[in-house]
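1. need a structure here:
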Amino acid sequence: MSSTTQTHPHHPHHPQPAANATAPAPAASPAPQPQGLQPLKNWSYPFAPSDSKASANPQTYFTALSHAEDGFYPLGANGIWHGGIHFGAGTDGALRQGDGVHAITDGQVVAYRLNSKYPELQYSDGKKAAYSTGFVLVHHKLAIPPVPTSSTASASSATTSSSNPPAAPATPVQPVDEILDFYSLYMHQLDWAGYQASDQSTATSGKAAAPATPSIQHMPFWKGDKRFRVGKKATDTQDQPAPTINVADPASETKSDDPIADLINNNFKVSGSLLDTVKKLPGANTLPVATGINIRDAAKGKKIGLLPRGSEITISGAATSGWAQIAQITKGAPVGLVVGKDADANSGTGWVFLDELDSVIEPKPLDAVVVLEQPFPIKAGDVLGYLGEYQRYRDASVLPPKPKRPLLHLEVFAGDSLVAFIKKSRKRAEALPKDQSTMLVISTGANLVTPAASDQTIAPGLKLRPAPTDPKSGPWAKVQPVKVSTPSTAHGGAHGHSHAHPRPTETPEGDPLWVDRSLSGTVSVGTVNAWKNFPLQVANAKAPSASFQDVFSRAELDHLGDAARAQDDNGVHWWRISVGTGQGDSTTGWVCEKTHPQTQWVSPWAWPGFEIVDNTSVSVVNAFKRFLFVSGQLLDGEADSFKPTALNVNASELIGKLEKAIDRNADGTVTANELAQAQSTPWLAEALSHLIVRYESEWGGGMSKWDQLSSLMKDRGFIWQTELERIQKLQWWDQVKTVKGFPTEPTVYHIHPIGLIANFSGGSLTIEEARVRAFLRMLRVGEGTEQPAGYERLFGGESFIKDYGRDFSDHPRILITRTNSKGKTLKSTAAGAYQVMGYTWDDPAYIDYRRQYGIKDFSPAAQDRFCVILLKFKRNALDAVKSGNLQSAIFQHNCNKEWASLPGDMYGQGGVSMDTVNKKFAEYLADEFDGKTDLSVAIGGLDDLLK
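-> Next comes the predicted model:
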């Protein structure tokens, strides 16, 4: 356990094994096979939920989107095609939009535009409206997983990072038709003036020597002059000065068994154990401690000062990582290593470790589309910008416009290769292992199950003792009714002094039965209704039937509340769900994970529920005519001329699908209000999010299609003429189509962002792998090695990279000596996220395991994999972890001897409680299914070890 986060230092977790305790040798196996191209698996929702307890599942976002003012998918409030979704004031309450918008998956920024200041529309009546043309465009690649073969099973994902090379030459390049190029667009972003205002606000709220860290960060992919800011990644702190204490002279002090008398006799000078106690008294050191980054006299050299958080520097040279020399401190000032002391005079030009600093760029150029010559790599969850401003005529004012309507448009699209890609992906899904089928498809015609009526009763006065096969969760519990009797106490025994209290006896009454879980463990007061068999049986499925196909990920189902999840005594899971029965109506009931008619488990690569619609036959002008017709916004005499167009558009495939799903009164209107309401109904939201629509993007294609609307605007013509100016300034397609592989024509396939994320985020993550990943993360809590910096942590808290100049090429094997608070000297070579000892890493058996599983370095992903090797081969605990039996893994399989931070206090240094273990495990299990993790190994990167 790290002394930086615990009250006790790391313990040498697993002492040097004796000669007869050598780890078992791995079974002979063929040489590792080449690794195929891994499919993209890292996903993130665009914003985190505001409620920290809320699950980041698709319905969280659909419900938030139901409160959006406009910008629905696939029709806007004006009835015209709309290819994205809007986040604004209406969604802000449910989502943490102030933190910035996150990249939905791994990729590369290929282009962006940053407004110096929001452009303003000048309407002819003198009103003005500010709006953002700023955007970020990200390129992604999605690869179909290869056909599994016996040769790839032993080496699937044996290496999962660029620093962990494969054990054999790479496989041939994957066929082009098995890779999909697609793009995500983050439109209407904050202007540069907004960033500057945030910087200025932060500067005035901080102190000169320790400025605050801005909440709005500059984007690292901007072109321009670069500097570095000391932010949250910098965690070095000043030392406190030793307290001023009147210390006795050991040569002349009086010593006895009475420390108070000694204190008086020595003129109130302290020594010995009393001195140690005084030093630890609260308030002995009260000066504030600065947090920031250490400054050194050379790369990896001696510490000479500390630069507090919020400070900013420029550096000599063009380095972007590793060590660099300070050229100038542009904000803030160095402080001493000890509170109250000055920094070394050379601190202003000392050396710092750039990986712990935030990059800050003065963007150039502004107000122009910037196509990056070298695309900038980003990861799922990286912040790409912040909500900008988008004011309409109704928000306009004759006064200079002020920010009042934040908005971000999120859109995902792909070129013409999408159709063939999905077709091949669906074919490949049929050949993938069944344990990768993590999406439950409820087909049209499926019936849900309602609980059977109770068929048994339990007499009053019986104790309902949980049966051994009780699943311990869900609405129903399996209990054994027992009669409790207490023998009378004997009085005046053979010697007349027997006063023993005999234990009550429990006598089973009949067979185990099922009851409401709230009654488990209680004594029945009155007659209790019960069931002989589990209350849910597939044979009891009944109408109304599902009228629409619905899809649920295993992660989504497992995140349902306790009242909506059940398990029988054979371990079979059930979930309470709602399905659509037609025209907006729904029914609720239970679905079984096995043998439920009209349901099946499929792979995310089958793209379950997704439908492709070509809407290019419906022009913008005809879509608007339909909107005017169905919303009754026509002048007298116009209805007859508009009706044929409206009927023609209503007959289109897109409107037909929308009508079937959400048009409750079947009047053919399908309005924006109905689209908004549909978002809060899970099965409707799911159906809308699985429509893939081909249409011309609003960001390209010229102005002629918009000019055609002018004659329809009537008394709002003066507004529309100004809006045409906005539309033209928002377009960027022609300036970006030079990007290699980008669709040259703006007619593309649009995909609902939330639907896409929900399909692949955690969709390929099995429950067993999720539990193992959650267990690894839970271990790091007690070890004090959370977050990326934990991968370089040594026993005692230092970094073997920053403090000792090592790297991830191998275990550092640095022996650290520490003395704990009890005066005991501890020595350890523990290193990395799992505090692996050097002798364990070098054990011949584990060298063989590392070779067998392709672990060639000590990189973060390799550390994750090596920890699983310890669980699997050293502690034989992997099966217990995969089944979620933490008690067995920790105590029966002695994981607490491997990691002293686990419960059990195996080395007398304390540890986390079992309650903490369970809470953290549950938290991280939910995180993993939500696509949130701080592990380096990718999903699927443990497959070979989990088999």
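
2. which residue packs closest to residue 66, ignoring adjacent ones?
-> Closest residue to residue 66 apart from its sequence neighbours, by Cβ to Cβ, 6 or more residues apart in numbering: residue 679 at 3.6 Å. C-betas here are computed from N, CA, C, even on glycine.

3. what are the ranges of the strands in the stretch 501-650 of the chain?
-> Secondary structure of the stretch 501-650 of the chain, counting by DSSP state E, counting those that start in this stretch: strands at 505-508, 513-516, 528-530, 541-542, 550-553, 565-567, 573-582, 585-592, 599-602, 611-614.

4. contacts for the third one next, please.
-> When contacts are defined by Cβ atoms under 8 Å, 6 or more residues apart in numbering, strand 528-530 is touched by residues 454-458, 464, 513-515, 519.

5. and those residues, which are buried?
-> Neighbour counting with 16 or more other Cβ atoms under 10 Å marks 454, 456, 458, 464, 513-515, 519 as buried within these.

6. now, which of the residues you listed sits nearest residue 744?
-> residue 514 (63.6 Å; Cβ to Cβ).

7. wait, doesn't the closest one sit right on residue 520?
-> No: with contact defined as Cβ atoms under 8 Å, residue 514 does not reach residue 520; the gap is 10.0 Å.

8. okay, and the common contacts of these two?
-> Overlap of the contact sets of residue 514 and residue 520 (by Cβ under 8 Å, 6+ apart) consists of 477, 479.

9. residues in contact with stretch 413-425?
-> 83, 142, 144, 177-183, 185, 605-607, 610, 612, 692, 697, 743, 748-751.

10. which among the residues you listed count as buried?
-> Judged by 16+ other Cβ under 10 Å, buried ones among the contacts of stretch 413-425: 83, 142, 144, 178-183, 185, 605-607, 610, 612, 692, 697, 743, 748-751.

11. and residue 692, which helix or strand is it part of?
-> In the assignment (DSSP states H and E), residue 692 maps to strand 691-696.

12. which other helices and strands does the very next helix or strand once past that strand contact?
-> Next helix or strand after strand 691-696 toward the C-terminus (DSSP H and E): helix 704-707. Other elements packing on helix 704-707 under the criterion 3 or more Cβ pairs under 8 Å, 6 or more residues apart in numbering; DSSP states H and E are helix 620-630, helix 717-730.

13. neighbours of the residue nearest to residue 677 when sequence neighbours are not counted, how many?
-> Excluding the flanking residues, the one nearest residue 677 by Cβ to Cβ, 6+ apart is residue 66, at 6.7 Å. Residue 66 has 19 neighbours, counted by other Cβ atoms under 10 Å.

14. from residue 72, how far off is residue 66?
-> 9 Å (Cβ to Cβ, to the nearest Å).

15. touching both of the two, which residues are there?
-> What both residue 66 and residue 72 touch, as defined by Cβ under 8 Å, 6+ apart, is the set 676, 679.

16. beyond the one helix or strand in the chain whose mean pLDDT sits lowest, next helix or strand please.
-> Scoring the helices and strands of the chain by mean pLDDT, DSSP states H and E places helix 150-153 at the bottom, with a mean of 46. Once the chain leaves helix 150-153, the next helix or strand it forms, by DSSP H and E, is strand 179-187.

17. following element in sequence after that next one, please.
-> helix 192-205.

18. if we can go back for a sec, so which of the helices and strands packed on helix 704-707 is nearest residue 895?
-> Taking the helices and strands packed on helix 704-707 one by one with Cβ to Cβ, helix 717-730 is closest: 56.6 Å.

19. who touches the helix or strand following that closest one?
-> Once the chain leaves helix 717-730, the next helix or strand it forms, by DSSP H and E, is helix 733-736. Helix 733-736 has contacts (Cβ under 8 Å, 6+ apart) with 110-111, 137, 369, 371, 697, 699-701, 742, 746.
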